[in-house]
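**Q** Have a look; sequence and predicted model below, questions after that.
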Amino acid sequence: MCGIAGIITSLDRKPDQAILKKMTDAIIHRGPDEAGIYVTNGVGLGHRRLSIIDLKSGQQPMTTSDNEVTITYNGEIYNFMEIRAELEAKGYHFRTRCDTEVILYAYHAWGPDSVKRIRGMFAYVIYDNRDKKIFMTRDRLGIKPLFYAASGERTILFASELKALASHPEFVKNLRKKSMEDYFALGYVAEPNTIYENVFKLEPGHSIIIDLNNGNLTKNQYWDVQFTGSYQGSFDDAKNELRERIHEAVKIRMVADVPLGAFLSGGVDSGAVVADMADISDDPVNSCSIGFSDPNFNESDYADRVAERYKTNHWSRIVDPGDYSLVEKLIDIYDEPYADSSALPTYRVCELAREKVIVALSGDGGDENLAGYRRYQLQMFEQKIRGILPDAIRKPLFGLLGKVYPKADWAPRIFRAKTTFQGLARDHVESYFHGVSIFKGDMRDKLFSRDLKNDLQGYNTLEVFNKYGASSGSDDPLSILQYIDLKTYLVGDILTKVDRASMAHSLEVRVPLLDHKLVEWIATLPSDFKLQGGEGKYIFKKSLEGRLPEDILYRPKMGFGVPLGKWFRGELKQNIRDAVLSERMLDSGYFNADYLHDLVNHHQSGMRDYSAALWTLMMFDQFLSRQNEFS
């Protein structure tokens, strides 16, 4: 795993090598082992290496033996030996055992279409001197990041993280107001945008070609998932095949020349990965977990049971629920506003893993792939009611109930029906967006200043969800939501969190449940194989019976959270007040000061639970404080 950066300009100019070095140095945590730079007219490629395979060779940027094609690459390719054999049959010769050289010669042989042969996680940029073109691409699910930005006349910057782009003296940090709407709705800025104007994330499954002869830039989508529900076999056939496919996805991710292990949370997904690793490995699997002294957030007992069952070499640590010392570090890790509070324990478990391993397998992606989230169950329940009641009755009825029913955050879940009523007054996708939003539409309307609302010109992040809902290619309600999550929440939140937290510790994380061949196959399964009788990940759990304890398979999902509500009324009471009501927040011109005071006061009085909203504001305050302090 590595970090990449570069400068693309016109052929009559040569990028400044000192600036390129500064960009790569900004992401040294992604690759502490080695560094390299390649500069020629029009192109500067930089690289920081974390050595995983073929430790003695494989330095980057790497150039073909004919000096025609050069690559800087971040990722791991799991089928590189098969591709290498194809290339050797075509007469290519290799100097190393690493996957970088295989990608390089695959491009030499097959051009941009070579990316379609690759199975893995990756972001890479290639300079083809034969036709003076740049090819940059990102893996199908967005496991590895790639940012790019226009900078001056005919200059494009790219990097694995925003902080590397910001190290260029011509990088401009103008806030994109529509990204603020995205952030306060979702807790992250959805692809392809960033918090800055004219700075972008390359979307998963996309490539860009830049012609240095004329400066033309062309973006192409080379992959997408199709939720067809076209599987023709029986449930038992699918269950057995699912188990075989996951086993194979785990197996090909266990190749490394450095210590390898796994995260073990005590949930279904990580337990399944560890079970397969134990079957495959002759040696005990290395596994690690963190727990919390607060039992409401602690899954360590379940993790210990799986570790004992599979005789793993397991180590764990209890994290104090008051462990909020990382709050100020988060913006330096994520570079733009990011509001998933589970970034804190994720950072800690990566820190713990790196004590003994350099590569770790995780269970990320199972909930999106196999419909594990409780919100899917709630949405399918709502969809049944939509199918019964005509719109003319449903929308005004539940619209009224949504307005008059009290917001009872303090009450048992069964009595907290306001959001459900509000959802039932909306269409399917709009209801889903409303349900996952941190600041609901009415809250954002109160939060934003008049000037910010004028700048937004009516823009609403719902447009992002509607776009993906319309392009999902499915009329199945559950499949539409899964497709939206794969394009938004998975890449913008989950994979972003894991990449930055792991790379902050120079740890490579591999995600077998997001193997693209596995994702494609699961998308052919009928929705009732995934969600049945109110049970999410139904077929997955059935396939694991006998391999994981029943109370792990079928217990309520706990998640990987932290006690924000308690913090903001206790240890962090003054901190959250100081952050949300800071001078820079109140003077920014973005917010309604009275509403900021209301949010803090109502939460700390116990009237409402605004913990997620306050955390989102706190992270934005941290971002504002770092605007001129990129680390």
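**A** Perfect, thanks for sending it.

**Q** could you pull out the strands for the stretch 351-500 of the chain?
**A** 359-361 (DSSP state E, counting those that start in this stretch).

**Q** Mind naming the longest helix for this structure?
**A** In the chain, taking DSSP state H as the definition, the longest helix is helix 235-251.

**Q** so what secondary structure elements neighbour whichever helix or strand comes after it?
**A** Counting by DSSP states H and E, the element after helix 235-251 in chain order, helix or strand, is strand 260-263. In this structure, strand 260-263 packs against helix 268-280, strand 286-292, helix 343-353, strand 359-361, with contacts taken as 3 or more C-beta pairs under 8 Å, 6 or more residues apart in numbering; DSSP states H and E. For glycine as for every other residue, the C-beta is placed from the backbone atoms N, C-alpha and C.

**Q** and strand 260-263, average pLDDT?
**A** Across strand 260-263, pLDDT averages out at 96.

**Q** Each with direction, which strands does that strand pair with?
**A** Strand 260-263 has the following strand partners under DSSP bridges: strand 286-292 (parallel), strand 359-361 (parallel).

**Q** which residues are in contact with that strand?
**A** Strand 260-263 is contacted from outside by 254, 270, 273-274, 277, 285-289, 312-313, 349, 353, 356-363, 509, using C-beta atoms under 8 Å, 6 or more residues apart in numbering.

**Q** Let me see the contact set for the residue nearest the centre of the chain.
**A** For the chain, the residue sitting closest to the mean C-alpha position, by C-alpha atoms, centre = their mean, is residue 495 at 2.0 Å. If you count contacts by C-beta under 8 Å, 6+ apart, residue 495 has them with 141-143, 364, 511.

**Q** quick revisit: now render the strands paired with strand 260-263 as a markdown table, adding distance to residue 2.
**A** Output for the strands paired with strand 260-263, formatted as a markdown table (distance: least, C-beta to C-beta, whole Å):
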| stretch | distance to residue 2 |
| --- | --- |
| strand 286-292 | 22 |
| strand 359-361 | 13 |
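
**Q** and residue 311, that one's in a helix?
**A** No: Residue 311 is assigned coil when assessed by DSSP: H, G, I helix; E, B strand; the rest coil, not a helix.

**Q** my guess is it contacts residue 284, does it?
**A** Yes: with contact defined as C-beta atoms under 8 Å, residue 311 and residue 284 form a contacting pair (5.8 Å).

**Q** joint contacts of those two?
**A** Common contacts of residue 311 and residue 284, defined by C-beta under 8 Å, 6+ apart, comprise residue 278.

**Q** which of these two has more neighbours?
**A** Taking neighbours as other C-beta atoms under 10 Å, residue 311 and residue 284 compare with residue 284 leading, 14 against 10.

**Q** Helix or strand with the lowest mean pLDDT in this protein?
**A** Within the chain, no helix or strand scores below helix 391-404, which has a mean of 66 by mean pLDDT, DSSP states H and E.

**Q** one step back: I'd like the mean pLDDT over the longest helix of the chain, please.
**A** Here the average pLDDT along helix 235-251 is 98.

**Q** What helices and strands are in contact with it?
**A** helix 268-280, helix 516-522, helix 538-543.

**Q** from the chain's centre, how far out does it sit?
**A** Relative to the centre of its chain, helix 235-251 is centred 24 Å away, using C-alpha atoms, centre = their mean, to the nearest Å.

**Q** likewise stretch 552-565?
**A** 19 Å.

**Q** For that stretch, which residues meet the burial criterion?
**A** Of the residues in stretch 552-565, 552-553, 560-565 count as buried by neighbour count, 16 or more other C-beta atoms under 10 Å.

**Q** and what of stretch 168-180?
**A** In stretch 168-180, counting by 16+ other C-beta under 10 Å, buried: 168, 171, 175-180.
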